[in-house]
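In: next come a sequence and a model predicted from it.
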2 protein chains.
Amino acid sequence: MRIGELAKATGTKAETIRYYEREGILPAADRTDSNYRDYSDNHLAALTFVRRARQLGFSMAQVRELLALSDSADKPCQEVDELVREQLEEVEQKIVDLSSLRNELRLLLRSCEANRIGECRIVESLALPFK
Amino acid sequence: MRIGELAKATGTKAETIRYYEREGILPAADRTDSNYRDYSDNHLAALTFVRRARQLGFSMAQVRELLALSDSADKPCQEVDELVREQLEEVEQKIVDLSSLRNELRLLLRSCEANRIGECRIVESLALPFK
DNA sequence: GCTTGACCTTGTAGTTGCTACAAGGTGCAT
DNA sequence: ATGCACCTTGTAGCAACTACAAGGTCAAGC
């Protein structure tokens, strides 16, 4: 499998795949006679894993941890569990933050009833000091 | 007002303030005899505005737009309004995305009933191909 | 008057996770 | 043999900071 094929199969750009290899996230591929990268099904599975984890919001560092963990089949599951739990917490915090952001923006919109910027409360509200 | 004081007052690092100046987001400050930046209350208001807008999720480019708009007090409010509306839509979309992320992570957590990584469904699920 | 320490200056490089070239080599169809 | 899509390496860029390094300034304390 050449890099373009793997790219298509995983919805990843070829440049990103090479970047993962450089970063040690993916193992280096074999090379053909003409120096093209030649990928196996293992690579496909690994890249799928990486992309899925990234989509779930795990950082590269976390993906590295997950990959390391998934290699040691005999270790207890607890650490993987812990990583997922952390990620879930982060996501939940982001949702909370964004929700209050949304409320502020809605307030901002409602405050704009004048029709000239000079009277527009939006610009004013933004210039208020922090609480 | 020196940069450290302004930094403290706005919850911004001094380096970030200098960065804003370099980027033209903030006007350059006066200098003291010893070449220290010397800020006015106008700078304080401007920086407060910028930080608040950034906290609300506006990009630097959008902040630039807002600043330009707020300078021309005679233009209709519509343009500011439009920016806020766009921003609100983005935030709402992010909330939707993160919510489904959260659901997936919860599912993932629940799927882990084994106690060895070799049998861990989390690791398995991550390796599944994309839908 | 001299040192200590907190502050300030500029400039440059690092961060995260890619993305976008540029300049050239390869493979295959026409 | 020519075109075209693909591949290679290397380097630079993106956002929005953040982190030095190497040096200048200022007020306080001894």
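Out: Received the coordinates, thanks.
In: any weak-confidence spans in chain A?
Out: A:73-74, A:112-131 (pLDDT under 70).
In: in contact with residue A:102, which residues?
Out: The contact partners of residue A:102, by Cβ atoms under 8 Å, 6 or more residues apart in numbering or on different chains, come to B:88, B:91-92, B:95. In short, each C-beta sits where N, CA and C put it, glycine included.
In: 10 Å - rerun?
Out: By Cβ atoms under 10 Å, 6 or more residues apart in numbering or on different chains, the contact set of residue A:102 is B:56-57, B:87-88, B:91-92, B:94-95.
In: make JSON lines out of those residues and add distance to DNA strand D.
Out: Formatted as JSON lines, these follow (distance: Cβ to the nearest atom of the strand, whole Å):
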{"residue": "B:56", "distance to DNA strand D": "12"}
{"residue": "B:57", "distance to DNA strand D": "9"}
{"residue": "B:87", "distance to DNA strand D": "12"}
{"residue": "B:88", "distance to DNA strand D": "17"}
{"residue": "B:91", "distance to DNA strand D": "14"}
{"residue": "B:92", "distance to DNA strand D": "18"}
{"residue": "B:94", "distance to DNA strand D": "14"}
{"residue": "B:95", "distance to DNA strand D": "19"}
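In: domain assignment for chain A?
Out: Per automatic domain parsing, the structural domains of chain A span A:1-60, A:76-131.
In: of these, which is nearest DNA strand C?
Out: Smallest distance to DNA strand C across the domains of chain A (Cβ to the nearest atom of the strand): 3.0 Å, for domain A:1-60.
In: gap between the two ends of the closest one?
Out: Terminal residues of domain A:1-60 lie 25 Å apart, using Cα to Cα, to the nearest Å.
In: same question, stretch A:22-39
Out: From its first residue to its last, stretch A:22-39 covers 15 Å (Cα to Cα).
In: what comes up buried for that stretch?
Out: Across stretch A:22-39, burial judged by 16 or more other Cβ atoms under 10 Å in any protein chain shown covers A:25-26, A:29, A:37, A:39.
In: coming back round to it: CSV for the domains of chain A, including distance to residue B:45?
Out: Output for the domains of chain A, formatted as CSV (distance: least, Cβ to Cβ, whole Å):
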stretch, distance to residue B:45
domain A:1-60, 36
domain A:76-131, 5
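In: what is the burial count for the residue nearest to residue A:9 when sequence neighbours are not counted?
Out: Closest residue to residue A:9 apart from its sequence neighbours, by Cβ to Cβ, 6 or more residues apart in numbering or on different chains: residue A:44 at 6.3 Å. The tally of other residues near residue A:44 (other Cβ atoms under 10 Å in any protein chain shown) stands at 17.
In: kindly report the same for residue A:59.
Out: 12.
In: just the closest residue of chain A to DNA strand D, please.
Out: For chain A, Cβ to the nearest atom of the strand, closest residue to DNA strand D: residue A:4, 2.6 Å.
In: which residues touch residue A:7?
Out: Contacts for residue A:7 (Cβ under 10 Å, 6+ apart) come out as A:1, A:13-18, A:39, A:47.
In: now the residues you listed as JSON lines including distance to DNA strand C and secondary structure?
Out: Listed next are these as JSON lines, based on distance: Cβ to the nearest atom of the strand, whole Å; DSSP: H, G, I helix; E, B strand; the rest coil:
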{"residue": "A:1", "distance to DNA strand C": "14", "secondary structure": "coil"}
{"residue": "A:13", "distance to DNA strand C": "4", "secondary structure": "coil"}
{"residue": "A:14", "distance to DNA strand C": "9", "secondary structure": "helix"}
{"residue": "A:15", "distance to DNA strand C": "4", "secondary structure": "helix"}
{"residue": "A:16", "distance to DNA strand C": "4", "secondary structure": "helix"}
{"residue": "A:17", "distance to DNA strand C": "9", "secondary structure": "helix"}
{"residue": "A:18", "distance to DNA strand C": "7", "secondary structure": "helix"}
{"residue": "A:39", "distance to DNA strand C": "16", "secondary structure": "coil"}
{"residue": "A:47", "distance to DNA strand C": "11", "secondary structure": "helix"}
